[in-house]
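Student: the following comprises the amino acid sequence and a computationally predicted model.
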Amino acid sequence: MTLDEDALVRWGTRIGAEVRPPVFIGLSGPLGAGKSVLARAIGRGAGAREAMPSPTFNLCFRYPGRPGVEVIHMDLYRLGSPDELWELGWEQLGGAGEVVLVEWPERAGDAMPEDHWLISLEVPEGEPGLRRVRVTRAGFPPPLPPFPLSVSP
């Protein structure tokens, strides 16, 4: 599926508003593909009201969401190996009410939970305003809402 940025943001906001935590969502793709844009939209939909900068240097930010929900936004780009995840409190993630957004989830290796979503983003060649989006389910995570109706072919 190919979405423009507005449709990507609308869909992300809907994910945050409708998904039933706890949920792990991996956001994969090259630099500039829109991972942080989608993470912010999901966070807003889940009720986070603070600014949500990219966690590239801090690796992990936590935000209060709507009642009973906490948004955890992680960026594993700078991780040297999955062995470093314990320093981020990885083992404690995925508790009741947590929406865990993980940029660069491939850096977690086999440590990603059995039940999670992977959303892969890429910029189609010659189409800088569009994002090709692929969604993959691992295990049995809670359902995500469908893509928005206004999409490009």
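Tutor: The structure has been received and is ready for your questions.

Student: going forward, measure contacts and count neighbours with C-alpha atoms only.
Tutor: Fine.

Student: where does pLDDT dip in the chain?
Tutor: The model of the chain has pLDDT under 70 over residues 55-57, 148-153.

Student: residue furthest from the geometric center of it?
Tutor: Ranked by distance from the centre of the chain (C-alpha atoms, centre = their mean), the top residue is Gly126, with 25.0 Å.

Student: where's that one relative to Leu38, distance?
Tutor: Distance from Gly126 to Leu38, counting by C-alpha to C-alpha, to the nearest Å: 21 Å.

Student: what of Met52?
Tutor: Using C-alpha to C-alpha, Met52 is found at 11 Å from Leu38.

Student: neighbour-wise, which of these two wins?
Tutor: Leu38 (23 against 18; other C-alpha atoms under 10 Å).

Student: quick check, central residue of this structure?
Tutor: By C-alpha atoms, centre = their mean, the most central residue of the chain is Leu101, 3.8 Å off.

Student: hang on, it in a strand?
Tutor: Yes: counting by DSSP: H, G, I helix; E, B strand; the rest coil, Leu101 falls inside a strand.

Student: show me the contacts for it.
Tutor: 24-27, 39, 71-74 (C-alpha atoms under 8 Å, 6 or more residues apart in numbering).

Student: only the buried residues of the one helix or strand Arg137 maps to, if you could.
Tutor: Arg137 belongs to strand 130-138 when elements are defined using DSSP states H and E. Buried residues in strand 130-138, counting neighbours by 16 or more other C-alpha atoms under 10 Å, are found at 130-133, 137.

Student: equivalent analysis for stretch 111-119, please.
Tutor: Here stretch 111-119 shows 112-113, 116-119 as buried, counting by 16+ other C-alpha under 10 Å.

Student: got the contact list for it?
Tutor: Against stretch 111-119 from outside (C-alpha under 8 Å, 6+ apart): 23-28, 82, 105, 133-141.

Student: try 6 Å this time
Tutor: Stretch 111-119 is contacted by residues 24-27, 134-141 when judged by C-alpha atoms under 6 Å, 6 or more residues apart in numbering.

Student: any chance of these in a markdown table, plus distance to Pro67?
Tutor: Compiled in a markdown table, the contacts of stretch 111-119 are given as follows (distance: C-alpha to C-alpha, whole Å):
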| residue | distance to Pro67 |
| --- | --- |
| Phe24 | 19 |
| Ile25 | 20 |
| Gly26 | 23 |
| Leu27 | 25 |
| Arg134 | 30 |
| Val135 | 28 |
| Thr136 | 28 |
| Arg137 | 27 |
| Ala138 | 27 |
| Gly139 | 27 |
| Phe140 | 24 |
| Pro141 | 21 |
